[in-house]
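1. based on what follows, work out the 3D shape:
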Amino acid sequence: MNQMNTRTIRCTKCGTKNRIPIDKAEAHAKCGKCSSPLDTSDLLNRSPVNVTDDNFATKALRSPIPVLVDCWAPWCGPCRMVGPIMEELAEEYCGKIRVCKLNVDENPATASRFRISSIPTMLIFDKGEFKDTIVGAVPKQQIIGRISYLIL
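-> As a prediction, this is how the structure comes out:
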């Protein structure tokens, strides 16, 4: 199977990595080990996913692929500088990393849970576990350097 035409996603039930052909991304895929249904929705999503206090666990912590969460607020100038970078990363790493945006003003519970005291802050998760934090409006290459080890 050609690596360029496939993506690898992790089964959220057993953790097994499964290779999915991009042209089958909308099909109902099952894990090759435990036969659980696989969430293939991110394989075609080319823009950041908005997360909230209500859906953070589902969208970020139970993601079948690694997650980069941009914690931001609309009034924050540096956050507006990072916004286009998040859009680019969502496009470039489509199906490899889920890029999410969390408005800290509208979602104080999640912001408090992860002790967000300065924005922009980017949180990195893999397999539901917190891995790293990036604070401030940093260049795109620095963000890529911090997430590159997660690409499945």
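2. how about residue 7: what's its closest non-neighbour residue?
-> Closest residue to residue 7 apart from its sequence neighbours, by Cβ to Cβ, 6 or more residues apart in numbering: residue 95 at 3.9 Å. Backbone N, C-alpha and C define where each C-beta goes, glycine included.
3. check residue 144 too.
-> Once flanking residues are discounted, residue 144 sits nearest to residue 89: 7.6 Å by Cβ to Cβ, 6+ apart.
4. relative to the whole chain's centre, how far out is the one helix or strand that neighbour maps to?
-> Using DSSP states H and E, residue 89 maps to helix 77-92. The chain centre lies 13 Å from the centre of helix 77-92; the measure is Cα atoms, centre = their mean, to the nearest Å.
5. buried set for that helix?
-> Of the residues in helix 77-92, 79, 82-83, 85-86, 89-90 count as buried by neighbour count, 16 or more other Cβ atoms under 10 Å.
6. same check on stretch 30-40?
-> Residues of stretch 30-40 classed as buried: 31, 38-40 (neighbour count, 16+ other Cβ under 10 Å).
7. one step back: check the secondary structure at the residue nearest to residue 7 for me.
-> At residue 95 the chain is in coil, as set by DSSP: H, G, I helix; E, B strand; the rest coil.
8. quick one, phi/psi of it?
-> phi 80, psi -10 (degrees, to the nearest 10).
9. quick check, the residue nearest to residue 144 in contact with residue 141.
-> No - in this structure residue 89 lies outside contact range of residue 141 using Cβ atoms under 8 Å: 11.2 Å.
10. no further questions, thank you.
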